[in-house]
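Undergrad: Here is my input, please return the structure:
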Amino acid sequence: MSKVQHIRRSQFITTFGPGAIIETTEGPRIVLRPDIGLFHEANRRRGITPDRLEISHERMSKGYLKGARVFQLPSNAELDLPSDYALYLTDPFPRWSLCTKHGILYHQNYGCPKCREELEKQGYSKEEIKRKLREQGRKQAIRFILACPKGHIGDINWAYEVHGNSSSCDHSEWFHWIRKGPALSDVTIQCPKCKRKVNLGWIYTQPHRCPSTYLERRDHRGDVAQCNENAFVIQRQASNLYVPEIITLFTVPPKATTLHKILMRGEVRGSIKTALKMDPEILNDRERFLHVIEDVLTADELAELESYDWEDAKSIMLELIKEDKKIPETPYGLFKEEFESFVVASKKGFPPLTSKLNPEKVLFYVNPNKIRKISDENGVYFRIVPVDKLHTVMVLKGYRRFIGKPGGGSDNSAIDAELVSVAFREGEDEWYPGVQLFGEGIFITFDEEQQFWEYSKRNPQQKRYYDEWLRAFKLGGKGYREHLFKDPSTKFELHPMFVFWHTLAHLLIRAISVDSGYSAAAIRERVYVKVDDPSHPMGGIVLYTSQPSADGTLGGLVSLVRKFERILKRAYDSLYSCSNDPLCLEQEFKFVPDKPSSVNGASCYACTLISETSCEHRNMWLDRHILIEWMEGL
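TA: Okay, the predicted model is just below:
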């Protein structure tokens, strides 16, 4: 029977993607790249191919991914497969293990020699002994591995660590593990043949030759060219060993219906164009058209198309085959496009009341009758917009390994970890793994965009923190690592408008978790800024929650709109109180061009930092001073 461990599809994107180490009941395993782990020959014979699992999202594919396509990891239930079928393959890693009973470090191909002797005495056959040692070895896998900032990973060469450059001893299958205390320096590894030994604490602090292997690609021999980076010993469960790079976009108007999601799939869209080229009048014959394209639609997709009023379906299809306006190709451009869609919906709703489109057929729904305008204690008006339906697409672009010299210090302050792509090619197409989620959200922005502009007109002494952030933005954030930003060409996170909304978003998430019972980790953020003119910025935030089910999240979050005054007041109150004050409040954002600079001002886990799963920006670009300074000048 196959050994299977189930995870949620969203976990594959956020935690256990290709290149990650997943802990299982059978020991740690490396998650393989999708073309090896999922789309292998056995699954292809079952019809499991990326094009059949495609997520149609034009803005994601053409904007963020430069034409690449996205597939969604399937579940066993969706494919009518038994729950014990291993849908996605993984490989055991690391291949060295530690027998704590006998104090022996051994390679799994060899097994613990003392355990072998015990099994032989018990009368087990050679095949049974081999199987038992293999199973035991995987469960006893050693915690320490090698990794480098280019993303390579591999086993420690224990034989070389013990013997060094000496060639007088060829013993390499197992070693004594002698522990005399709790510290790494209390562990000695000794060769049973030549008695050479080495201290584990010393191994942990030294740079090592990089293994030059990407194990998720089943690359066990290493690159053709040896990696020139130093590798360091790290524990396999360390959080900095696998930091995923995730990109997220919403489905926003006007292409925000369930039919758009189906028809924008490349294969379907191509078939429609071909059919219209052969017969421009084919859309007038509903039955004949459905017969022509039914081969490229699943049964569920065909049923969804048939459920539409045909005139609505025709207009959507004709709109799709037209030459569209150019899709932004930068994260800043895509976010700005989303922000503008939210702003329009916050005034007119979506679909508009004049539209005949059934609200059940949209992936983005705002009822204009539920939009509220509220004022805070300073008389500033906010527009609070409940988004009852929100379709989200998350794509795993790659991962980074932030590996540096143990102990930190100047060598570890700014690790330039390379992005390792998890994409693979199939024919002419490049594919990325993704997941689509359905949920709800609350869009918040100023009722009048000019309200924040007044900030820039104040006396310099009244906006000291504002000016420091704006200086960093105008100088292009020189000295910061590029991977810290969503869009390195813009670095919009440094603008004080972004810092203002980002900090407020974190305070509101904390306030909602206290006021409504929602877990703060269950609410995510999206921060928008429009800074084409830095002195006249615009911005807003979306706080949202989502899940894989098409039923969404049942309206628990949008129901908070009617009592948002109380939530906003609670957020403001927490702005002035932090249990780490005055130390927290004394932290100031300082920008020094061409040198590593701070990424936060006054912020800490007691006041503004939240769960990493909720914050899109890894808890960077936060400063209570910006909000306090803004409010005190009103």
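Undergrad: Name the residues of stretch 305-315 that are buried.
TA: The neighbour-count check on stretch 305-315 (16 or more other Cβ atoms under 10 Å) flags 305, 308, 312-313 as buried. The way it works is simple: take the backbone N, C-alpha and C, and place the C-beta from them, glycine included.
Undergrad: and what of stretch 94-104?
TA: Taking 16+ other Cβ under 10 Å as the criterion, stretch 94-104 shows 94-99, 102, 104 as buried.
Undergrad: Quick one: mean pLDDT over it.
TA: Taken as a whole, stretch 94-104 has an average pLDDT of 95.
Undergrad: Compile the buried residues of stretch 94-104 into JSON lines and extend it with columns for secondary structure and distance to Arg59.
TA: Below are the buried residues of stretch 94-104 laid out as JSON lines (DSSP: H, G, I helix; E, B strand; the rest coil; distance: Cβ to Cβ, whole Å):
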{"residue": "Pro94", "secondary structure": "coil", "distance to Arg59": "40"}
{"residue": "Arg95", "secondary structure": "coil", "distance to Arg59": "43"}
{"residue": "Trp96", "secondary structure": "strand", "distance to Arg59": "46"}
{"residue": "Ser97", "secondary structure": "strand", "distance to Arg59": "47"}
{"residue": "Leu98", "secondary structure": "strand", "distance to Arg59": "49"}
{"residue": "Cys99", "secondary structure": "strand", "distance to Arg59": "53"}
{"residue": "His102", "secondary structure": "coil", "distance to Arg59": "58"}
{"residue": "Ile104", "secondary structure": "strand", "distance to Arg59": "56"}
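Undergrad: which one of those sits closest to Arg29?
TA: The closest of those to Arg29 turns out to be Pro94 (Cβ to Cβ; 10.2 Å).
Undergrad: show me the contacts for that closest one.
TA: By Cβ atoms under 8 Å, 6 or more residues apart in numbering, Pro94 lies in contact with 28, 141-142, 144-145, 155, 236.
Undergrad: With Arg401 instead?
TA: Arg401 is in contact with 147-151, 153, 240-243, 417, 420, counting by Cβ under 8 Å, 6+ apart.
Undergrad: Now intersect the buried residues of stretch 305-315 with the helices, please.
TA: Within these, residues falling in helices by DSSP state H are 305, 312-313.
Undergrad: rewinding a little: for the contacts of Arg401, which single residue is the most surrounded?
TA: Highest neighbour count within these: Ile153, with 28 neighbours (other Cβ atoms under 10 Å).
Undergrad: what pairs with the residue lying closest to that one once chain neighbours are set aside across the strands?
TA: In space, Ile153 comes closest to Ala147 once its chain neighbours are excluded; the distance is 4.8 Å by Cβ to Cβ, 6 or more residues apart in numbering. Judged by DSSP bridges, the bridge partners of Ala147 are Ile153, Phe232.
Undergrad: State the distance from Ala147 to Glu135.
TA: Distance of Ala147 to Glu135, given as Cβ to Cβ, to the nearest Å: 26 Å.
Undergrad: Show the contacting residues for the residue nearest in space to the middle of the chain.
TA: The residue lying closest to the centre of the chain (Cα atoms, centre = their mean) is Ile246, at 3.1 Å. For Ile246, the contact set (Cβ under 8 Å, 6+ apart) comprises 13-14, 394-397.
Undergrad: For stretch 82-92, list every residue counted as buried.
TA: Under the neighbour-count criterion of 16+ other Cβ under 10 Å, stretch 82-92 has 86-88, 90, 92 buried.
Undergrad: which two in these are spaced the farthest apart?
TA: Leu87 and Pro92 (17.9 Å).
Undergrad: on that earlier part again, okay but the residue nearest to Ile153 is in contact with Ile156, surely?
TA: No - the pair Ala147 / Ile156 is not scored as a contact, 10.5 Å apart, by Cβ atoms under 8 Å.
Undergrad: coming back round to it: among the contacts of Ile246, name the ones in strands.
TA: Among the contacts of Ile246, DSSP state E puts 394-397 in strands.
Undergrad: quick one: which of those residues is nearest to Ala571?
TA: Each of the ones in strands among the contacts of Ile246 was scored against Ala571 by Cβ to Cβ, and Met394 proved nearest at 26.4 Å.
Undergrad: Across the sheet, point out what pairs with that closest one.
TA: Thr248, Val435.
Undergrad: State the number of residues packed around it.
TA: 22.
Undergrad: Quick check: it vs Pro488, distance?
TA: Taking Cβ to Cβ, one finds Met394 at 21 Å from Pro488.
Undergrad: List the buried residues of stretch 440-451.
TA: 440-446, 451.
Undergrad: Kindly reformat those as CSV containing secondary structure and pLDDT.
TA: Below are these laid out as CSV (DSSP: H, G, I helix; E, B strand; the rest coil; pLDDT from 0 to 100):
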residue, secondary structure, pLDDT
Glu440, strand, 93
Gly441, strand, 94
Ile442, strand, 96
Phe443, strand, 98
Ile444, strand, 97
Thr445, strand, 96
Phe446, strand, 94
Gln451, helix, 76
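Undergrad: residue boundaries of the helices in the stretch 201-350 of the chain?
TA: For the stretch 201-350 of the chain, the helices defined by DSSP state H, counting those that start in this stretch occupy 258-263, 266-278, 286-293, 299-306, 310-321, 331-348.
Undergrad: Nearest to Glu616 among the ones you listed would be which one?
TA: Nearest of those to Glu616, taken as Cβ to Cβ: helix 331-348 at 10.1 Å.
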